[in-house]
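S.K.: Dropping a prediction and its sequence here:
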Amino acid sequence: MPTEPAIRGSKSLFLAEAERQGLKADRRMLYVGLEPVSDHVAACLRVDSGTDIVARRKMMTANDVPVRIATSYFRADLFGDTRLTEPEFVKPSLQSALIALGYSFGHAEENLTARSPTTFERETLELEPGEWIVQVLRASYSTEDTPIHVLETICAANRHIFSIGQVSGYDEF
């Protein structure tokens, strides 16, 4: 589900884009709490592997079909005693909460990887044997280059189209 830039400020990019495409979308929180960080997320957050970090994991559905698992990761030393650890959805948005905590967005780095799902991913997304997932890992940094948010989205590969747009005048063929 490609997302138009005009809806990036909405309460949920997923819900807004699904609605725009005529889909019945929903989301539910699966987990909020501390957990040991994996190697690939640790590198983005600039912490040692296994360090406890704040994780906020939710599942999204479209027309009652599970389509993605999205987990936001935050450094516990920066965000462990904030509202980001509360179990409900952050309102009006995670970005507004980060701004209220004094962090301004500077830049992001994003990687997409196609791979076989883990058992948890296969069961949660209700995938058939042999189906793949696409892992989107987006690390966001403040204007001071502090790692402030890592979003890992696990998408059922056969339930998504990843459209990439390019702004004219900023690159070549």
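M.R.: Sure, I can see it. Numbering: from 1, shown residues only.
S.K.: Distance check, the nearest residue to Val65 once chain neighbours are set aside against Pro87.
M.R.: Distance criterion C-beta to C-beta, 6 or more residues apart in numbering; nearest residue to Val65, sequence neighbours excluded, is Arg159 at 6.9 Å. Quick note: C-beta positions are derived from backbone N, CA and C, even for glycine. Distance, Arg159 to Pro87, by C-beta to C-beta, to the nearest Å: 27 Å.
S.K.: Ranking helices and strands of this protein by mean pLDDT, which lands last?
M.R.: Lowest by mean pLDDT, DSSP states H and E among the helices and strands of the chain is helix 13-20, with a mean of 72.
S.K.: related to what we said a few turns ago, could you double-check that the residue nearest to Val65 lies in contact with Asn63?
M.R.: No: look at Arg159 against Asn63 with C-beta atoms under 8 Å: they stay out of range, at 10.2 Å.
S.K.: Same drill for these two, tell me which one is more crowded.
M.R.: Arg159 (17 against 11; other C-beta atoms under 10 Å).
S.K.: in the least confident helix or strand of the chain, what counts as buried?
M.R.: For helix 13-20, the neighbour count (16 or more other C-beta atoms under 10 Å) marks 13-18, 20 as buried.
S.K.: Dump the residues you listed to a markdown table, plus distance to Ala114.
M.R.: Conversion of those to a markdown table gives the following (distance: C-beta to C-beta, whole Å):
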| residue | distance to Ala114 |
| --- | --- |
| Leu13 | 21 |
| Phe14 | 20 |
| Leu15 | 25 |
| Ala16 | 26 |
| Glu17 | 21 |
| Ala18 | 22 |
| Arg20 | 26 |
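S.K.: For Glu144, grab phi and psi.
M.R.: phi -90, psi 10 (degrees, to the nearest 10).
S.K.: do Thr143 as well
M.R.: phi -60, psi -20.
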